[in-house]
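Enquirer: coords below, sequence missing:
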């Protein structure tokens with residue numbers, strides 16, 4: 001592979017500014033190969049940083065309700081959304097209070113309705129509970145904290161999912177890949193843009 005003028009100028013500038021030549025990677029192909037490998041998978045030996053086991057499993061159950069597995073991708077559990085939330089909450093007291101308080105509220109109200117925690121409830125009981133807190137328009141003074149928590153939980157789950165490899169693949173997003181070369185925008189796309197341009 002030959003070095004382009006731009007790459008040579010970059011190496012010269014780097015040598016002058018840092019005092020040492022930076023070794024070139026094996027080329028753009030190396031970057032493309034590395035990107036094709038994809039991000040590392042979560043470790044099988046994951047250790048919780050903040051949540052206790054019951055809270056963590058409840059987060060997993062909620063994430064699976066919010067983003068269930070389908071024919072395109074795994075759900076919230078497979079994407080590691082609970083792991084992401086645990087990681088973020090480990091050093092943030094506001095997140096700790098929001099999630100721990102919300103999970104405690106959920107279990108308290110589930111026990112009042114069905115005599116068991118959310119995690120121990122049947123699928124129908126869990127759905128009934130989530131239906132009560134799924135919409136701000138249906139919130140009552142009694143359910144308002146749960147409604148806010150569930151809205152918060154949905155937002156974090158969606159963020160975690162679509163930041164994961166599973167979520168990115170679900171979208172079909174290929175922007176985080178290296179290209180050996182970039183040929184620019186296809187002519188037909190440029191033509192359509194120019195046709196629609198107000199100028």
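Expert: Yes, it's here. Just so it is clear, the structure is predicted and the values come from calculations on it, not from any experiment.
Enquirer: What is the neighbour count of residue 85?
Expert: 24 (other Cβ atoms under 10 Å). The C-beta positions use only the backbone N, C-alpha and C, and glycine is treated the same way.
Enquirer: Residues contacting whichever helix or strand it is part of, please?
Expert: Per DSSP states H and E: residue 85 is located in helix 81-89. Defining contact as Cβ atoms under 8 Å, 6 or more residues apart in numbering, one finds that helix 81-89 is touched by 42, 46, 48-51, 56, 59-60, 63, 67, 76, 95-96, 99, 156-157, 160-161, 163-164.
Enquirer: mind checking how far it is from the chain centre?
Expert: Mean-position distance between helix 81-89 and its chain equals 10 Å (Cα atoms, centre = their mean, to the nearest Å).
Enquirer: tell me the mean pLDDT over that helix?
Expert: Averaged across helix 81-89, the pLDDT comes to 95.
Enquirer: Which secondary structure elements does the helix or strand that comes right after that helix sit against?
Expert: Heading C-terminal from helix 81-89, the first helix or strand you meet, by DSSP H and E, is helix 93-114. Where contact means 3 or more Cβ pairs under 8 Å, 6 or more residues apart in numbering; DSSP states H and E, helix 93-114 is packed against helix 53-66, helix 81-89, helix 123-133, helix 144-163.
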